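Visitor: Everything below, folded, please.
(chains A and B)
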Amino acid sequence: MGMTIAEKIIARAAGVDSVRAGDIHTVNLDRMMSNDGTTHLTVDMYYNKLKNPQIADVKKMVFIVDHNVPSDSAKTAGSQKKMRDFAREHGIDFWEGKGVCHQIMMEHYVCPGELIFGADSHTCTYGALGAFGTGVGCTDLLYGMVTGTSWVLVPETVRFHLAGRLPEGVYPRDLMLTIIGEIGANGVNYQVMEFDGEGAKTLSVNDRMVLCNLAVEAGAKTAIFEADEIALEYLRARGRKPKAVFHSDPDAIYAREYTFDLSKIVPVAAKPDFVDAVVPASEVCGVHIDEAFLGSCNNGRIDELRVGAAILKGRKVAEHVRFLVVPASREVYLQAMEEGLIQIFMESGAIVMNPNCSVCWGSCQGVIGENEVLISTGTRNFKGRAGHPSSKVYLGSAATVAASAVKGEICTADML
Amino acid sequence: MEQFTGRVWTLGDDIDTDIIIPTEYLALKTIEEMKQYGFSPLRPELAAQIRPGDILVAGKNFGCGSSREQAPEVIKALGIRCVIAKSFARIFFRNAINNGLLLIEQPDLYDDMKEGDTIAVTVNQDVDYQGKRYPIASLPENLVEIINAGGLVKAMRRRNGIG
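Guide: Got it, this is the predicted structure:
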């Protein structure tokens, strides 16, 4: 019986020859990531709920402060101190102020074939490198940290065959929002989205991260690309080696299959308050905005900053708009500086922030007020996600966000 | 077979974790402080109206969104006996089980349900609403073990002898 990439990763982690969708297995986790959203809760449970606890393998642990950085209150400072002290005491890799957790993980840790738990829903990003990354809560993370293991129900895999190539001015974010709009916010609930086809070969690791990262917004347990030469080159450039490179077998079983022709994708937007409320961006043009956000683990990398800067060059942000630009990591920030992009953003009137989660999760900086409207490259547009319950969030590509920031209302880049 | 009855509050499709507990309240020190803000973006008055033993009935994709474990914890702290929905988002599902909050998938009840009415639940068997029985599936054994232990941490103490 053939297996998919995801099934092969679980089989390896479970130490068995084969697994099938629906089986429950105990797996050895290759790595665990936790951020300042919930690590303080994990630490509390570690000390207060367990007697004589220990960490199974400290080398597998990564703690990253990115949700509220720098801290905005005594309360968050207290939570972060707890996390920092714990990491130092136990010798856990600790990152602070250096980037959004998934960006850090991709730049420094993730390897093809690994099974990774992260206490953050967008851990599914790691499929861009052929790893199985999935989001869990702080109790699952605690269990993994203490035992080195966890249980998984082997998910079904749904295949997304990508054909063709994205047209000029259309981005992977438009593609993924289109897919989510089509299949719905629980369209692949508890399943794996596997991307393949000739269209997949036209996508860089950055592009693949954009697709995998949003898979949870369709309910997926994770999303995955085969670790091909493009992925292995990314890895080599960073001095890492794959744990294992898996391919789906020709007779692997898929729950469903979809085909998307990349050449037919157009700029789209997700309307408030659901990620699957996707329409052609042209349908929401003219909506007045108060704030625009270019950043996040989905869309704050050098590719998107280049797109945004190309639009902002020689233009000004509309007077009534706050335009937040937030590079996803220090590495991205430095590269953007080297390329002169930060200069362009600053001259245009943008507010360039340190790498963090920013308004994407509605805390720390950039929160929006009553009835305000944000256009965002963030991950979600749930009711009240970015601030006041009456505020509204539209999701669009970096190009649409940057163009809208200039015009002061939602518009696509070709309308400037 | 475990049985209980409860008054029902109904919520719609795609009830996300930011609705269950908005980001701005996550900085509060305890779940007890947070719980008054449960569901506040959608229904600010709801948390104060919920009484211990009440049941939530919702549409599809309940708990979608972030991995914040405060979401099932807030629901449990409000005294909700169980959540019945057409479907659950998977991270929320695990988090609820890990915290000993009972979740039940039932595809039809929500469409028939009127808020304020009472239902009778027989775990792993069915839900009785005004004499009509809505069948429910049994949970896998390893999940029952976790719920019966009172959550994953307690199950871990029992299983691995840590504690």
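Visitor: what does the stretch 151-300 of chain A have sitting close to chain B?
Guide: Residues of the stretch 151-300 of chain A lying near chain B by Cβ under 8 Å from any Cβ of the partner chain: A:151, A:153, A:185-186, A:189-190, A:216-217, A:219, A:221, A:274. Glycine gets a C-beta too; all of them are placed from N, C-alpha and C.
Visitor: again, 10 Å this time
Guide: Residues of the stretch 151-300 of chain A lying near chain B by Cβ under 10 Å from any Cβ of the partner chain: A:151-153, A:155, A:184-187, A:189-191, A:216-221, A:273-276.
Visitor: now swap in the stretch 301-416 of chain A and tell me
Guide: Neighbours of chain B within the stretch 301-416 of chain A, by Cβ under 10 Å from any Cβ: A:357, A:361-364, A:367, A:379-380, A:382-391.
Visitor: where in chain B is pLDDT low?
Guide: The model of chain B has pLDDT under 70 over residues B:160-163.
Visitor: Residue B:121: which element?
Guide: For residue B:121, the host element (DSSP states H and E) is strand B:118-122.
Visitor: Buried ones in that strand, by neighbour count?
Guide: B:119, B:121 (16 or more other Cβ atoms under 10 Å in any protein chain shown).
Visitor: Dump it to CSV, keeping only the CA atoms.
Guide: This file holds the C-alpha atoms of strand B:118-122, laid out as CSV (Å, rounded to 0.1, in the frame of the first residue of the first chain):
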residue,chain,number,x,y,z
THR,B,118,-33.0,21.7,27.4
ILE,B,119,-31.4,18.6,26.0
ALA,B,120,-30.4,15.3,27.5
VAL,B,121,-27.0,13.9,26.6
THR,B,122,-26.0,10.2,26.9
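Visitor: right, and the helix or strand after that strand?
Guide: Next element after strand B:118-122 (DSSP H and E): strand B:126-129.
Visitor: Touching that following strand from outside, list them.
Guide: Applying Cβ atoms under 10 Å, 6 or more residues apart in numbering or on different chains, the set of residues contacting strand B:126-129 from outside is B:1, B:3, B:5, B:8, B:55, B:57, B:82, B:84, B:104, B:106, B:108-109, B:112-114, B:117-122, B:132-136.
Visitor: any chance you could map the strands in chain B?
Guide: B:3-10, B:55-58, B:82-85, B:102-105, B:118-122, B:126-129, B:132-135 (DSSP state E).
Visitor: Could you name the stretch from those strands that's closest to residue B:150?
Guide: strand B:102-105 (11.6 Å; Cβ to Cβ).
Visitor: and the closest one, which strands flank it?
Guide: strand B:82-85 (parallel) (DSSP bridges).
Visitor: gap between the partner strand and the chain center?
Guide: For strand B:82-85, the gap between its own C-alpha mean and the chain's C-alpha mean amounts to 5 Å (Cα atoms, centre = their mean, to the nearest Å).
Visitor: Where do the helices of chain A begin and end?
Guide: With DSSP state H, the ranges of helices along chain A come out as A:5-14, A:39-48, A:74-90, A:101-108, A:138-147, A:172-183, A:198-201, A:205-213, A:229-237, A:296-299, A:302-312, A:330-338, A:341-348, A:398-407.
Visitor: I'd like these laid out as JSON lines, including mean pLDDT and mean neighbour count.
Guide: Listed next are the helices of chain A as JSON lines, based on pLDDT from 0 to 100; neighbours: other Cβ atoms under 10 Å in any protein chain shown:
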{"stretch": "helix A:5-14", "mean pLDDT": "98", "mean neighbour count": "25"}
{"stretch": "helix A:39-48", "mean pLDDT": "96", "mean neighbour count": "19"}
{"stretch": "helix A:74-90", "mean pLDDT": "96", "mean neighbour count": "16"}
{"stretch": "helix A:101-108", "mean pLDDT": "98", "mean neighbour count": "25"}
{"stretch": "helix A:138-147", "mean pLDDT": "96", "mean neighbour count": "25"}
{"stretch": "helix A:172-183", "mean pLDDT": "98", "mean neighbour count": "24"}
{"stretch": "helix A:198-201", "mean pLDDT": "98", "mean neighbour count": "17"}
{"stretch": "helix A:205-213", "mean pLDDT": "98", "mean neighbour count": "25"}
{"stretch": "helix A:229-237", "mean pLDDT": "98", "mean neighbour count": "16"}
{"stretch": "helix A:296-299", "mean pLDDT": "98", "mean neighbour count": "30"}
{"stretch": "helix A:302-312", "mean pLDDT": "98", "mean neighbour count": "23"}
{"stretch": "helix A:330-338", "mean pLDDT": "98", "mean neighbour count": "18"}
{"stretch": "helix A:341-348", "mean pLDDT": "98", "mean neighbour count": "19"}
{"stretch": "helix A:398-407", "mean pLDDT": "98", "mean neighbour count": "28"}
